[in-house]
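fold the following.
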Amino acid sequence: MTALPTLDPGFSTPAMSAVFDVGSRLSLMLAFERELARAQGALGLIPEDAATAIADACARVRLDDPASLAQRGWALGTPLSPLLELLRAQLAPAHAPYLHRGATTQDAVDTAAMLQVREGLALLDRALREVAKLLRALVVAHRATPMMARTLLQHALPTTFGVTAARWLAPLAAAATTLRQVRAGLPLQLGGAVGALDGFGVQTRALVERLAHALGLVAPPLAWHGDRAPIGEVVHAVTVLTRALEKLASDLVLLAQSDVGEVRMRGGGSSSMPHKQNPIDAVRARAAGAATLHFAAALLTSGPHELDRAAGAWHLEWLLVPLLFHAAAATVEATHAALAGLEVDVTRMAGTAGARPPPDSHVQIIAAVLAQADACWDADAKEKP
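Numbering: from 1, shown residues only. Here you go, the predicted model:
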């Protein structure tokens, strides 16, 4: 099954599509079942031989047609049921009753989602580092390049292109810090039938901590079946990033206008006007950034998760969280492409602003932003202002 979005590849990247592919999602649910059985076996909650058999079955099961499994999951009312059927078919009758012991579908689905989100955030962080390198070089190269500042889209006072680029770089450093903080705090989901750890015996805290450690997640104090704060934190981190990139791309589009012409980028063609050189990478970044914000708004306004498990709002996350990451990845990729081919018309900038040295305040601003970026991305051996 092709990962969403299916209509236009410009709103995702191959790497992010692989992270949120349906096969990846099902494989991570298998990882949850494997580590749950191992943790229960280690704590004596299920027989050790059953835990070993379940772990072996999880490693052995083949997901030849994940799309069909996903479709069957909707028919059965839970995406986990087809996987459990496959696993039980490989288990001896003595071991089968211990599969998924005490857990519920939401535990597997939400934990798999957190594992996907973890990789998605890592991809965004790595891609953002490359954008920051390009921006840092712009800041350094143009810290004394005069240009006219615009307020309310009108000429205001002279500034420098270095300060403008610094205004693009600073929020990206802050966004990268937020991404990493959220990624480090992604929680395990384990609550059982109604989120209260019924059916797990007396060593519930030890089980949660052991399972979280095995999967590289945080052990929360209680299940978050109906409390979607972890999803909200992810949405916030991603949208802070994409808003900053969308602003950057929008500024590039404005500066590249024929009547302004202070920057140029790789040109996209026109089917009816061959003379046009549309700034297609920045346009794509703007579109994907706007899409990210709309997916975020849909996630945050989908309504509360009723009582102990939502009837619909939870299921909507299965669509919207991947779409959020697809569009965010496209935003970062397109911004990088726009910056990689950026040409700055220094003469045209100076002709509008007037050639004059930057004031001391500009020098200090640039120094502070470069220090912030270097601290964020561990940049060393780079030119200092």
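
which secondary structure elements does the longest helix seen in the chain contact?
Across the chain, the longest stretch assigned as helix under DSSP state H is helix 105-141. Applying 3 or more CB pairs under 8 Å, 6 or more residues apart in numbering; DSSP states H and E, one finds that helix 105-141 contacts helix 14-19, helix 22-42, helix 161-184, helix 229-255, helix 313-340, helix 360-377. Glycine gets a C-beta too; all of them are placed from N, C-alpha and C.

ok, and what's touching the first one?
The reference is to helix 14-19. Contact with helix 14-19 is made by 2-3, 24, 116, 119-120, 123, 325-326, 328-330, as judged by CB atoms under 8 Å, 6 or more residues apart in numbering.

now that we have the residues you listed, which of them are buried?
Among those, those scoring as buried are 3, 24, 116, 119-120, 123, 325-326, 328-330 (criterion: 16 or more other CB atoms under 10 Å).

what two of those residues are the furthest from one another?
Within the buried ones among the contacts of helix 14-19, S24 and A330 form the most distant pair, 18.4 Å apart (CB to CB).

show me how far stretch 329-336 is from its chain's centre.
Remark: stretch 329-336 is offset 12 Å from the chain centroid, using CA atoms, centre = their mean, to the nearest Å.

for the nearest residue to A291 once chain neighbours are set aside, give me its contacts.
Once flanking residues are discounted, A291 sits nearest to A327: 4.2 Å by CB to CB, 6 or more residues apart in numbering. A327 sits next to 11-12, 242, 288-289, 291-292, 295 when contact means CB under 8 Å, 6+ apart.

just the pLDDT for A327.
Here the pLDDT value assigned to A327 is 95.

A39 too?
pLDDT for A39: 96.

I figured it hits R210, correct?
Yes: using CB atoms under 8 Å, A39 is in contact with R210, at 4.3 Å.

quick one, phi psi at H155?
H155 adopts backbone torsions of phi -60, psi 140, taken as degrees, to the nearest 10.

thinking it is in contact with V260, fair?
No: counting by CB under 8 Å, H155 stays clear of V260, with 10.8 Å between them.

related to what we said a few turns ago, and A39 and R210? which has more neighbours close in?
A39 (24 against 19; other CB atoms under 10 Å).

ok, which of the helices and strands packed on helix 105-141 comes nearest R72?
Closest of the helices and strands packed on helix 105-141 to R72 is helix 22-42, at 11.2 Å (criterion: CB to CB).

which elements pack onto that closest one?
Judged by 3+ CB pairs under 8 Å, 6+ apart, the packing partners of helix 22-42 are helix 48-60, helix 66-76, helix 81-89, helix 105-141, helix 204-215.

including distance to A282, could those helices go into a markdown table?
Shown next, in a markdown table, are these (distance: least, CB to CB, whole Å):
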| stretch | distance to A282 |
| --- | --- |
| helix 48-60 | 45 |
| helix 66-76 | 35 |
| helix 81-89 | 43 |
| helix 105-141 | 13 |
| helix 204-215 | 39 |
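
look up how far M148 lies from H155.
According to CB to CB, to the nearest Å, H155 stands 5 Å off from M148.

and the average pLDDT for the longest helix of the chain is what?
Mean predicted confidence for helix 105-141 is 96.

may I see the buried residues of it?
Residues of helix 105-141 classed as buried: 105-121, 123-125, 127-129, 131-136, 138-140 (neighbour count, 16+ other CB under 10 Å).

for stretch 176-190, same thing?
Residues of stretch 176-190 classed as buried by neighbour count (16+ other CB under 10 Å): 176-179, 182-183, 186-190.

same thing with stretch 261-268?
Buried residues in stretch 261-268, defined by neighbour count with 16+ other CB under 10 Å: 262-266.

and stretch 190-204, by the same measure?
190-193, 195, 197, 200-201, 204.

same check, this time on stretch 158-174
Quick answer for stretch 158-174 (16+ other CB under 10 Å): 158-173.

for the nearest residue to E130 once chain neighbours are set aside, give its distance to P158.
Once flanking residues are discounted, E130 sits nearest to H336: 5.7 Å by CB to CB, 6+ apart. Distance, H336 to P158, by CB to CB: 29 Å.

need the three-state assignment for A94.
Of the three states, A94 takes coil according to DSSP: H, G, I helix; E, B strand; the rest coil.

for it, give its distance to A50.
Separation of A94 from A50 (CB to CB): 7 Å.

joint contacts of the two?
Joint contacts of A94 and A50 (CB under 8 Å, 6+ apart) do not exist.

who's more crowded, the two?
The neighbour comparison of A94 against A50 (other CB under 10 Å) goes to A50, with 21 against 11.
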